[in-house]
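**Q** Below are the sequence and a predicted model for it; my questions follow.
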Amino acid sequence: MKNDPKRRFPPLYEKLIPIGLGILILGIVILLGVIVAVLAGVFPAAH
Amino acid sequence: MKLLTLLPFLSSILSFVFAFLILKRYSVKRGLHELLWGIGMVFYGIGGLCEALYGILGWHPLIFRLWYLFGAVLVAAWLGQGTVYLLVKRKTAHILMILLAAASIYGAVRVFTAQLDPTLMTSSLHTGSELSGHAIVTPGVRTITPFFNLYGTLTLVGGAVWSAVLFWRKRVLLHRVLGNVLIAAGAILPAFGGTFSRMGIPAALYICELLGAVLIFLGYLRAITPMKNEAVAPAVN
């Protein structure tokens, strides 16, 4: 999976999309962390 | 109509309209991913409808069980299963589908045979104004929910982000990049809403569910509609 250096989206999207993807990936990591913590019994009240 | 009734009612209507549009498209294109997404949005709609009915009618065991099964346990996993059909080999997707169907039947039996106590919904930070899984007394029933949501998060949110990154890196199909970003954002919102709700923030779950349904809907429409000016330009340097 490589970047294609010869192609570019419009400038606005070139700036905003990586930010959006970064926020989403951070969100997924946090959410998975919470779910795994619940499964591990870190939050007993959740069961 | 109270806010805690109106919000899930709007989520429900939007979800059912969305489900109808997806299933209509499935009837023409016959893509299994759209069938699963359509079913998933029906589940989303049932969850919202139960929350609205709880606001209007108050506690009822059947409303609670339907809400917990479709709105809390199954919805993310079934929507995610649609994405699985897009991203992995068909045989693998079929095997995962069989496992999900079996787990869903097991979940339905556990939820519909669980002992309930609505007073427990007010025993935590929850005020009881919103539905909460705390009402389930039988041990082990709520334990199955994170497994479904883990699968749902990985497949639905992770799958949408993965697709967006693939198209982004190749600089192709901008409408699908944007659509997948919106779908991922919409899919992750209800999960965070649930977390905020457990922290005692009023209406957080219902607001996030409505925003989630709107974003998933917009993302789907964006992903299936090519843009006029998405043609890529050569890099200057």
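**A** Structure received. Numbering: from 1, shown residues only, chains lettered A, B, ... in the order given.

**Q** low-scoring pLDDT stretches of chain B, where are they?
**A** For chain B, the stretches flagged by pLDDT under 70 are B:123-129, B:231-237.

**Q** ok, and residue B:11, which helix or strand is that part of?
**A** helix B:3-29 (DSSP states H and E).

**Q** which helices and strands sit right next to the following helix or strand past that helix?
**A** Next in sequence after helix B:3-29, counting helices and strands by DSSP H and E, comes helix B:32-57. Under the contact criterion of 3 or more C-beta pairs under 8 Å, 6 or more residues apart in numbering or on different chains; DSSP states H and E, helix B:32-57 touches helix B:3-29, helix B:61-66, helix B:75-87, helix B:204-224. Heads up, the C-betas are built off the backbone N, CA and C, glycines and all.

**Q** looking at these, which is closest to chain A?
**A** helix B:75-87 (10.5 Å; C-beta to the nearest C-beta).

**Q** What lies in contact with that closest one?
**A** Helix B:75-87 is contacted from outside by B:31-37, B:39-41, B:43-44, B:47, B:92-93, B:96-97, B:100, B:103-104, B:148-149, B:151-157, B:159-160, B:162-163, B:187, B:190-191, using C-beta atoms under 8 Å, 6 or more residues apart in numbering or on different chains.

**Q** Stretch B:37-52 now?
**A** Contacts for stretch B:37-52 (C-beta under 8 Å, 6+ apart): B:4-6, B:8-13, B:15-16, B:18-19, B:22-23, B:26, B:63-64, B:66-67, B:70-72, B:74-76, B:78-82, B:130-131, B:206, B:209, B:213, B:216, B:220.

**Q** Am I right that residue B:228 sits in a strand?
**A** No. Assessed with DSSP: H, G, I helix; E, B strand; the rest coil, residue B:228 is coil; it does not lie in a strand.

**Q** now chain A, which segments are flagged as low pLDDT?
**A** Chain A contains residues with pLDDT under 70 at A:1-5, A:43-47.

**Q** since we're on the residue of chain B found nearest chain A, how many residues are nearby?
**A** Closest residue of chain B to chain A, C-beta to the nearest C-beta: residue B:171 (3.7 Å). By other C-beta atoms under 10 Å in any protein chain shown, 21 other residues sit near residue B:171.

**Q** Next up, phi/psi of it, please.
**A** When read as degrees, to the nearest 10, the backbone of residue B:171 gives phi 50, psi 50.

**Q** That one and residue A:10 touch, don't they?
**A** No. With contact defined as C-beta atoms under 8 Å, residue B:171 does not reach residue A:10; the gap is 10.8 Å.

**Q** Which residue is the nearest non-sequential neighbour of the spatially most central residue of chain B?
**A** What sits nearest the mean C-alpha location of chain B, by C-alpha atoms, centre = their mean, is residue B:76, with 4.1 Å. In space, and not counting its chain neighbours, residue B:76 is closest to residue B:152: 2.6 Å by C-beta to C-beta, 6 or more residues apart in numbering or on different chains.

**Q** again with residue B:71
**A** With C-beta to C-beta, 6+ apart as the measure, residue B:47 is the residue that lies nearest to residue B:71, at 2.3 Å, once sequence neighbours are left out.

**Q** next one: residue B:145
**A** Residue B:145 sits nearest to residue B:73 (C-beta to C-beta, 6+ apart), 5.2 Å away.

**Q** next one: stretch B:29-49 to chain centre, how far?
**A** How far stretch B:29-49 lies from its chain's middle: 9 Å, per C-alpha atoms, centre = their mean, to the nearest Å.

**Q** for that stretch, which positions count as buried?
**A** B:32-49 (16 or more other C-beta atoms under 10 Å in any protein chain shown).

**Q** Report how many residues lie close to whichever residue of chain A sits closest to chain B.
**A** Nearest residue of chain A to chain B, counting by C-beta to the nearest C-beta: residue A:7, 3.7 Å away. Using other C-beta under 10 Å, residue A:7 is surrounded by 14 other residues.

**Q** Against residue A:22, how distant is the closest residue to it other than its chain neighbours?
**A** Distances taken as C-beta to C-beta, 6+ apart put residue B:171 closest to residue A:7, at 3.7 Å, once the chain neighbours are dropped. Counting by C-beta to C-beta, to the nearest Å, the separation of residue B:171 from residue A:22 is 18 Å.

**Q** quick one: is whichever strand or helix holds residue B:105 near chain A?
**A** Element membership for residue B:105, per DSSP H and E: helix B:90-113. No. Using C-beta under 8 Å from any C-beta of the partner chain, helix B:90-113 stays clear of chain A, with a minimum separation of 13.6 Å.
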